[in-house]
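# Show me how the following folds:
(one chain, ligands or ions: 2)
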Amino acid sequence: MRKVTLLDIYEHPITQKYVRRSGMAHAISVANHAFHLAQEYNVNPDTAAKAGFLHDIGHYEWYSDGEWDYKDYREFDIHPIKGAERAHKLLVRLGENKRIAKEISHAVLFHTDSALPEGEFQLSPLQLVVHLADEKDKQPGDSHHYRYIDRQKELTRIKQLDKKIEKHMGSGPPSQMDNGPDSY
Ligand SMILES: [Fe+2]
Ligand SMILES: [Fe+2]
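Residues are numbered from 1 along each chain as shown. Ligands and ions are numbered 1, 2, ... in the order given. Okay, the predicted model is just below:
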C-alpha cells in the first residue's frame with residue numbers, strides 16, 4: 001500500500017500553486033511517461049510517476065517588461081534546485097517514506113543538465129527516466145508549459161494513473177517494488 005498517492009500530491013495547495021505555474025498538463029503527461037519508462041528501466045513506477053509529476057515544481061517566472069525573458073531564463077534559472085527542495089518538503093509533509101522523498105528530490109534536481117556537475121556524470125535509472133519523460137513531452141518554444149486541460153480532466157488523469165500504479169504494484173515482482181540503494 002502506498003503511503004502517498006498522486007491524488008494526495010495533486011490536491012495539496014503547494015502543488016496547486018507551483019506545479020500549476022509550470023503547467024499542470026505537462027506535469028501529468030511527464031508523470032505518465034515516467035510510469036511507462038519506469039517499467040523499461042526497472043525502476044519503481046510509483047516513485048517515477050511522482051518524480052515526473054513534481055519535476056518542474058521549482059519553476060518561477062522570468063519576466064522583464066512584461067515579456068518572458070528566455071535569455072535570462074537560460075542563463076540564470078535554477079528551477080531544478082528550487083524544485084528539489086520544494087518536492088522534498090511537500091512529500092515529507094504528506095508522510096512519504098523519507099528514502100523515497102530523497103530519491104524523488106534528486107531526480108528533480110537532475111532532470112535537466114543545469115544542476116549537473118561538469119564532466120561525466122552518471123544518472124541513476126530513476127533520474128534518467130524522469131529526464132527522458134520530460135524530453136518526451138517537450139514542445140517547440142517551451143509551449144508544453146502552457147498546454148491546458150480542464151480541472152476535471154486533470155483529476156481524471158491523476159486518478160487513472162494512481163489506479164495503474166496500484167494495479168502494477170499489486171502484480172509486479174517484489175524486486176520492482178522496493179527502493180534499494182542501487183536506485184540512486
Ligand atoms: Fe524543468
Ligand atoms: Fe518539464
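# which outside residues touch the longest helix seen in the chain?
Criterion DSSP state H: the longest helix present in the chain is helix 151-171. Applying Cβ atoms under 8 Å, 6 or more residues apart in numbering, the contact partners of helix 151-171 are 2, 5-7, 10, 24-25, 28, 31-32, 35, 39, 45-46, 49, 149, 177. C-beta coordinates here come from the backbone N, C-alpha and C atoms, glycine included.
# and it, which residues are buried?
154, 157, 158, 161, 162, 165, 168 (16 or more other Cβ atoms under 10 Å).
# related to what we said a few turns ago, which of the contacts of helix 151-171 are buried?
2, 5-6, 10, 24-25, 28, 31-32, 35, 45-46, 49.
# now those residues in CSV, with distance to ligand 2, pLDDT and secondary structure?
Formatted as CSV, the buried ones among the contacts of helix 151-171 follow (distance: Cβ to the ion, whole Å; pLDDT from 0 to 100; DSSP: H, G, I helix; E, B strand; the rest coil):
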residue, distance to ligand 2, pLDDT, secondary structure
2, 24, 90, coil
5, 22, 98, coil
6, 17, 98, helix
10, 16, 98, helix
24, 12, 96, helix
25, 11, 96, helix
28, 12, 98, helix
31, 11, 98, helix
32, 13, 98, helix
35, 16, 98, helix
45, 19, 97, helix
46, 20, 98, helix
49, 14, 98, helix
